[in-house]
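> task: produce atomic coordinates for the following.
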Amino acid sequence: MAKVSLAAFDQMVASSPGFRSRPGQREMAERIATELHNITLGDQADPTQAVTVIQAGTGVGKSAAYLSTTVALAMARKTRVVISTATVALQEQLMTKDLPALAAVLDTPFVYALAKGRGRYVCKLKLERLAGSGDEDSSELFGVDEDTPPPPTAFAKQLKGQDWQDPEERRMVLYDTLANALAAGQWDGDRDSLSEQPDPRDWSTVAAERHTCTARHCPLFRNCSYYNARTLLAQAQVIVANHDLVLASLGMKALPDLDNCLVVFDEGHHLPAVALDQFSGAMDLTGLRWLDKLPKILHEVAEKMGVAVAQDVTTLAQQLKTALLDAGRIAMDLLRGVTASYDIVHRFPDGVLPEAFIEPMTLIHGHASGLSEVLEALGAELKARAKEDPSQAAQNSVQYAQLGQLAPKINSVVGTSAMLLAHEAQPMAKWLRSDTSSGLVSLSAHACPIVPGDLLRRHLWNQVRGAVVTSASLTSCGSFDYFLSETGLDQLAHVSTLAVDSPFDYRTQGELVVVETVADPRHVESFTREMVAALLADLRLVAHGALVLFTSRVQMKAAVDALDAALLGVVLVQGQLSRARLLGTHTARIESGQPSVIFGMQSFGEGLDLPGQLCEAVFITKLPFASPSDPVAQARAEWLKREGRDPFSELVVPATGIRLLQWTGRAIRTEDDQARVVCYDKRLLSQPYGRRMLQGLPPYAVLRRVRGQTLSVLGLV
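Predicted structure coming up:
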């Protein structure tokens with residue numbers, strides 16, 4: 001079967017007009033074909049597994065390499081391929097370019113589809129109840145969450161140049177419009193296919209969320225937008241998804257079983273962060289009005305069902321609210337003792353809650369668990385009745401949706417309180433967050449595991465039989481060790497690694513200039529002043545396109561404030577325009593012969609493709625260390641120190657090395673590009689950890705600039 005998949009790769013290459021030979025691409029295809037051809041799929045006592053980790057440098061053409069081989073192998077074995085990405089841009093590239101191109105050249109036809117979370121689809125049952133005059137109890141059944149931040153005031157809207165509209169009127173116009181479009185066949189129920197995206201609060205009320213869905217027992221199941229999409233997905237041999245959906249769907253049957261298909265994780269360097277996010281918990285300590293509604297809803301549903309509620313839910317809800325308010329008061333007193341600011345993150349050292357928190361948190365968990373049991377019991381009974389008596393399915397589905405509106409809230413309280421109370425050898429990160437971004441003070445409690453590799457090994461890799469994990473940035477400081485540890489692959493015998501070099505000639509196409517400032521980069525104010533002055537001098541020399549990457553908003557603001565009139569007309573700042581409009585303006589300027597410079601932060605340091613004159617220089621203002629205030633990173637560093645390990649060398653340096661590799665990767669995008677990378681952080685050359693990071697970068701010619709002059713060529717990386 002390895003020959004079959006390689007033959008598909010060769011067929012694709014032979015059919016690609018203007019194809020340039022890329023030895024690294026074929027090396028990648030050979031590795032995938034060799035590693036995955038012998039895996040065992042399905043229910044096996046002692047299965048053969050294989051995970052191949054491949055770093056493919058920019059320009060290798062990794063998507064063509066893994067698509068051709070895995071698709072051909074899957075069809076030969078009568079199974080399917082799940083391709084998981086981290087960004088919408090890559091999903092769009094796969095769905096509109098790469099997969100159609102492969103389908104056009106392979107002899108055996110295949111179907112491909114994009115998988116989305118169910119929250120991207122409308123619930124027709126909810127929409128019908130809310131559109132038009134609606135039922136008299138529609139607003140009660142599917143009302144907007146009263147605890148969500150209020151919409152901007154009319155004055156705030158006017159400041160933004162927008163016409164203010166009453167929120168209730170806005171929602172009713174939206175629901176009527178959506179219902180009419182759906183009924184007329186002009187809309188498929190997919191939020192992403194709407195010409196204008198609705199307010200997230202309005203959409204959440206009609207979204208097809210799991211907790212509000214009775215699935216095939218719903219009377220509108222046959223016309224359900226989400227399940228219609230699921231039907232199309234079931235017919236596809238190739239499914240494009242994202243890391244969040246894959247991890248959230250484990251055990252849910254929303255995607256093919258991972259032990260019975262091939263899996264590709266492109267942009268695989270995002271997996272650790274996604275895992276931490278998926279298995280974290282958070283609960284609100286201030287927005288608690290939903291608890292006033294919960295007993296009424298439970299009693300109303302139970303009464304309509306003709307059953308008695310097993311517990312005194314009115315008392316339970318009041319006790320839960322009291323315990324949450326007590327925890328909130330304790331938390332606020334604690335925060336006020338730390339700072340006068342209302343915007344703060346306060347972490348509990350070593351994951352140990354203050355003694356004053358233990359009792360209210362224990363009560364919170366107990367009361368919430370009791371309410372959750374009642375909610376789940378009523379929901380299970382409603383599903384059973386809908387199945388047994390189809391004539392009651394409509395009423396049962398509405399009641400189930402009514403309960404489901406509150407299920408995520410009560411579940412978050414149960415889960416987060418359990419995590420906060422947990423005490424293990426490897427502690428969790430636990431913290432409080434207070435902020436005023438909504439215009440009101442909100443307070444929340446959070447908990448999160450600190451080692452993503454443990455999570456991925458326990459929940460993901462034990463299910464996967466055959467997988468490709470790939471990205472342009474998987475090695476750090478020249479080694480796979482950090483990535484393998486972070487993803488939990490370091491302890492698995494069936495894992496192989498391969499680094500495929502980019503076809504670009506970095507030695508002749510580009511250079512890396514390290515600017516040696518007088519100020520130490522750790523001395524923020526003096527360094528920023530000196531860096532900004534040097535940066536502005538370099539920007540005046542930009543002839544076409546350039547990208548400046550900042551490590552903080554404060555740093556970027558300092559540079560914006562220092563722009564003179566001439567540069568103000570050249571610079572485009574992230575956040576002042578939408579990403580699409582900013583990039584469109586940048587391209588238009590350069591095509592018309594004008595210079596254009598983009599100021600951006602981390603999200604512009606990855607996945608941004610600006611070939612040729614669109615980006616002839618990348619300016620890196622400082623080594624991209626992660627924020628030292630991140631509570632999960634702080635908790636992990638604290639734990640490692642207690643274990644006698646060095647978190648800076650073990651975690652901070654390799655993580656920064658990967659980020660630096662991504663940032664420098666914005667410079668040269670094609671074999672014809674000529675570009676320069678300028679880093680204003682002298683630590684890249686002066687510190688041992690900087691030289692470690694340098695070893696993981698493409699082999700640019702490295703130069704050193706001191707007081708405006710290039711003094712010496714340091715050679716090649």
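> which is the next helix or strand following the helix or strand hosting Val374?
In this assignment (DSSP states H and E), Val374 forms part of helix 355-388. With elements assigned by DSSP H and E, the helix or strand that comes after helix 355-388 is helix 393-404.
> report the angle between the helix or strand that comes right after that next one and helix 393-404.
Where DSSP H and E defines the elements, the next helix or strand beyond helix 393-404 is helix 407-421. For helix 407-421 against helix 393-404, the angle by axes from the mean of the first three to the mean of the last three C-alpha atoms, to 10 degrees is 30 degrees.
> buried stuff in helix 407-421?
Residues of helix 407-421 classed as buried: 407, 409-421 (neighbour count, 16 or more other C-beta atoms under 10 Å). C-beta here means a position set from N, CA and C on the backbone, and glycine is covered the same way.
> SS state for the closest residue in space to Ser526 that isn't next to it in sequence?
Closest residue in space to Ser526, ignoring its immediate chain neighbours: Ala519 at 4.1 Å, by C-beta to C-beta, 6 or more residues apart in numbering. State at Ala519, reduced to three classes by DSSP: H, G, I helix; E, B strand; the rest coil: coil.
> again with the one 3 residues further on
Taking three-state DSSP as the rule, one finds Arg522 in the coil state.
> now the phi/psi pair for it, please.
phi -80, psi -20 (degrees, to the nearest 10).
> tell me how far it lies from Arg336.
In this structure, Arg522 and Arg336 are 31 Å apart, going by C-beta to C-beta, to the nearest Å.
> farthest residue from the center of this protein?
Gly306 (44.0 Å; C-alpha atoms, centre = their mean).
> just to revisit the earlier point, of Arg522 and Arg336, give the one with the bigger neighbour count.
Arg336 (13 against 8; other C-beta atoms under 10 Å).
> how near is the more buried one to His346?
In terms of C-beta to C-beta, Arg336 sits 10 Å off from His346.
> tabulate the buried residues of helix 407-421 (JSON lines), appending pLDDT.
What follows is those, written out as JSON lines (pLDDT from 0 to 100):
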{"residue": "Ala407", "pLDDT": "93"}
{"residue": "Lys409", "pLDDT": "94"}
{"residue": "Ile410", "pLDDT": "96"}
{"residue": "Asn411", "pLDDT": "96"}
{"residue": "Ser412", "pLDDT": "96"}
{"residue": "Val413", "pLDDT": "98"}
{"residue": "Val414", "pLDDT": "98"}
{"residue": "Gly415", "pLDDT": "97"}
{"residue": "Thr416", "pLDDT": "98"}
{"residue": "Ser417", "pLDDT": "98"}
{"residue": "Ala418", "pLDDT": "97"}
{"residue": "Met419", "pLDDT": "97"}
{"residue": "Leu420", "pLDDT": "97"}
{"residue": "Leu421", "pLDDT": "97"}
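> need these in TSV with distance to Asp292, can you?
Formatted as TSV, the buried residues of helix 407-421 follow (distance: C-beta to C-beta, whole Å):
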residue	distance to Asp292
Ala407	17
Lys409	12
Ile410	14
Asn411	19
Ser412	18
Val413	15
Val414	19
Gly415	22
Thr416	20
Ser417	20
Ala418	24
Met419	26
Leu420	24
Leu421	26
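> nothing else from me, thank you.
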